[in-house]
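Colleague: sequence and predicted structure, then a few things I'm wondering about:
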Amino acid sequence: MRPPVSYRWLAVASPAALLLVWEVLNRSGVLDARYVPPPSQVLVTLVRLTESGELPYHLGVSVRRILVGFVLGAAPAVALGLAMGLNRAVRAVLMPLVAAIYPIPKIAVYPLIIFYLGLGEASKVSIVALSIFFLVLLNTMAGVIGLDRVYFNIARAYGAGPRGLFTTVAWPGALPAIFTGLKLGMGFALIVIVGAELLGSDAGIGFLIWRAYQIFAVDVMFAGLLVTAVLGWLATIALDWLERRALPWRPWSQV
Amino acid sequence: MSTTVLTPAAQAVRLAVDGLTHTYPGRHGPVTALEDVTLALREGEFCAVIGPSGCGKTTLLHILAGLIRPASGTVHLPARADRGPAAALVFQGVSTFPWFTVLENVEYGLRLLGAPPAARREQALRQIERVGLARFRDAFPHQLSEGMRQRVSIARALAVDPDVLLMDEPFANLDEQNRLLLQDELLLLWQASRKTVLFVTHSLDEALRLADRVLVMTAGPGRIKAEVPVPFARPRDFRAIRREPGYGELSARLWEELRGEVLAAEGR
């Protein structure tokens, strides 16, 4: 069931109200535009950066890094997570390693990645892949383990072998949990890519923000933050859309 | 009495179980779920197994369905030339895959057998039609009632055309009225197909209503304690059966056999 129209308007109204209050605070002199530029100025800066081609370029670089890193991290994580969920031996071997590496903040590994892979695209894509790998892996594994045993029994009673169990039970059954992992991972991917671009990069949204700091262009810093926020929001919408397409069998009306 | 040998009449034996014993590893040592269970089903017979909770009824069905290897004893189920499954199990409770549509669920067994898509679809649709779910072939289980989901399970089992239909309290989660309707439907399906059925239940009424013969199991470890033939004529009508003078007597006899076992299962 869709939310009533009035609620959807509220969802638009709250950010709009925030921007309005912010603008008013600037105009009334409470906020100093040299430190906090008004939204109207940030908007003008956004338009300028877009027209100059600067923003589309940096945005494109960041989005490509996230997408490539996402695929490179998620694909093996799903495969390994399903294997770990299905097979106790695989789980026993890998779980201690996963449990030890998972809590390391991935951005702390970034210097090492740069050391091995250099400052180019490979290090950016790798840090994104690494940051989502464990989230997707653990969620996928939990998805398989959490499946009611009866589904495996039904499959086996109808003659399913390892391949049948994998394709007709583990994969479709764990897909909701996989999406949970992907959504969590998307948030981390954004955090990590912008962080990595701040630290060592010559392109991307993070780099745009960092360079703006170096030349004290506060409005560009705000513009970069705004773009990052919108990017995260669009990514969530995209994943939600994909999830509903991929999981028509879930009772969505209850969500 | 540790063994009850149930000799079938002249008709062909479809399923024979001999000296079946099974133990599970438990926290305080091995737990014997089944002890020396021996039984035989005639071709086309409808046999009910009744016993207290935890008496190993489900273990018995899981062994017959090939899910568990028994610790000892033999199961004799003549193999089939067309490599179709000799026995299909209808599970208790959640028994449909929520991620498959009704059609995909019913096709499931045929798909694993490697049947060509067109053939398995046709066969599945025929079974869906027989259980009255033609309108819901593309629905997902969460859009159906519990009774409809159990009909999907039954259709899935019948779709692989097994020699023996194993049913593990398939109607346990239904309310009384829907259970009566599904029992009627099952009897109609059985009369049309004449499958050999082994039906596990904990309901006396259900056993008497459906079966030709009721086997009573003991509290764990499960053994076959008694065999009670059910003489009512077929096709059966529940309303008529309940008025038969023999019904109350049979029901009382079954309960007499069962009561002590239920008390034992409850630790009294």
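Modeller: Yes, it's here.

Colleague: which one's the longest helix in chain B?
Modeller: Looking across chain B with DSSP state H, the single longest helix is helix B:245-265.

Colleague: can you tell me what sits against it?
Modeller: When contacts are defined by CB atoms under 8 Å, 6 or more residues apart in numbering or on different chains, helix B:245-265 is touched by residues B:50-55, B:204-205, B:207-208, B:214, B:216-220, B:225-226, B:228, B:230-232, B:241. C-beta: built from backbone N, CA, C; applies to glycine.

Colleague: buried subset of those, written for ChimeraX?
Modeller: In ChimeraX, a selection of the buried entries from those looks like this (16 or more other CB atoms under 10 Å in any protein chain shown):
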select /B:50,51,52,55,204,205,207,208,214,216,217,218,219,220,225,226,228,230,232,241
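
Colleague: run a quick neighbour tally on A:L182.
Modeller: The local packing of A:L182 (other CB atoms under 10 Å in any protein chain shown) involves 24 other residues.

Colleague: low-confidence ranges, the chain, go.
Modeller: Just so you know, I chose chain A. A:1-5, A:252-255 (pLDDT under 70).

Colleague: please refer instead to chain B.
Modeller: Applying pLDDT under 70 to chain B flags residues B:1-11, B:79-84.

Colleague: gap between the residue in it sticking out farthest from the centre and A:L46?
Modeller: Within chain B, the residue lying farthest from the chain centre (CA atoms, centre = their mean) is B:H28, at 31.0 Å. Relative to A:L46, B:H28 is positioned 70 Å away (criterion: CB to CB, to the nearest Å).

Colleague: kindly report the same for A:A155.
Modeller: When A:A155 is compared with A:L46 (using CB to CB), they lie 53 Å apart.

Colleague: tell me who's in contact with residue 179.
Modeller: No chain specified, so I'll use chain A. By CB under 8 Å, 6+ apart, the neighbours of A:F179 are A:239, A:242-243, A:246-247.

Colleague: can you look at chain B instead?
Modeller: Taking CB under 8 Å, 6+ apart, we find B:R179 in contact with B:171, B:206.

Colleague: what is the three-state secondary structure of it?
Modeller: Under DSSP: H, G, I helix; E, B strand; the rest coil, the three-state class of B:R179 is helix.

Colleague: how about the residues of the stretch 151-268 of chain B by chain A?
Modeller: Applying CB under 8 Å from any CB of the partner chain, we find that the stretch 151-268 of chain B lies next to chain A at B:V160.

Colleague: quick one: the residue in the stretch 151-268 of chain B that chain A sits nearest to from B:L110, how far?
Modeller: Residue nearest to chain A within the stretch 151-268 of chain B (CB to the nearest CB): B:V160, separated by 7.1 Å. Computed as CB to CB, the B:V160 to B:L110 distance reads 6 Å.

Colleague: how about A:Y158?
Modeller: 9 Å.

Colleague: tell me the phi and psi of B:M217?
Modeller: Phi and psi for B:M217, reported as degrees, to the nearest 10, are phi -100, psi 150.

Colleague: for the residue nearest to it when sequence neighbours are not counted, phi and psi?
Modeller: With CB to CB, 6 or more residues apart in numbering or on different chains as the criterion, B:M217 has its nearest non-adjacent residue at 3.1 Å, and that residue is B:G51. Taking degrees, to the nearest 10, you get phi -180, psi 170 for the backbone angles of B:G51.

Colleague: just want the most central residue of the chain.
Modeller: No chain in the question, so chain A it is. Taking CA atoms, centre = their mean, the centroid of chain A lies closest to A:M186, which sits 1.1 Å from it.

Colleague: let's do chain B instead
Modeller: B:M167 (2.2 Å).

Colleague: what sits up against the host helix or strand of that residue?
Modeller: If you go by DSSP states H and E, B:M167 is part of strand B:164-168. Strand B:164-168 has contacts (CB under 8 Å, 6+ apart) with B:14-15, B:41, B:57-58, B:61, B:64-65, B:77, B:86-92, B:157-158, B:195-200.

Colleague: quick one, phi psi at the residue of the stretch 151-268 of chain B closest to chain A?
Modeller: Here is the backbone geometry of B:V160 (degrees, to the nearest 10): phi -90, psi 0.

Colleague: was I right about it contacting B:G114?
Modeller: No - assessed by CB atoms under 8 Å, B:V160 is found out of contact with B:G114, at 11.9 Å.

Colleague: more neighbours: these two, which one.
Modeller: Neighbours per residue, other CB under 10 Å: of B:V160 and B:G114, the larger number sits with B:V160, 24 against 9.

Colleague: contacts only, for the more buried one.
Modeller: Taking CB under 8 Å, 6+ apart as the contact definition, B:V160 lies against A:158, B:84-85, B:88, B:109-110, B:113.

Colleague: leaving out the residues flanking it, which one is nearest to it?
Modeller: Of all residues not flanking B:V160 in the chain, B:G109 sits nearest, at 3.8 Å (CB to CB, 6+ apart).
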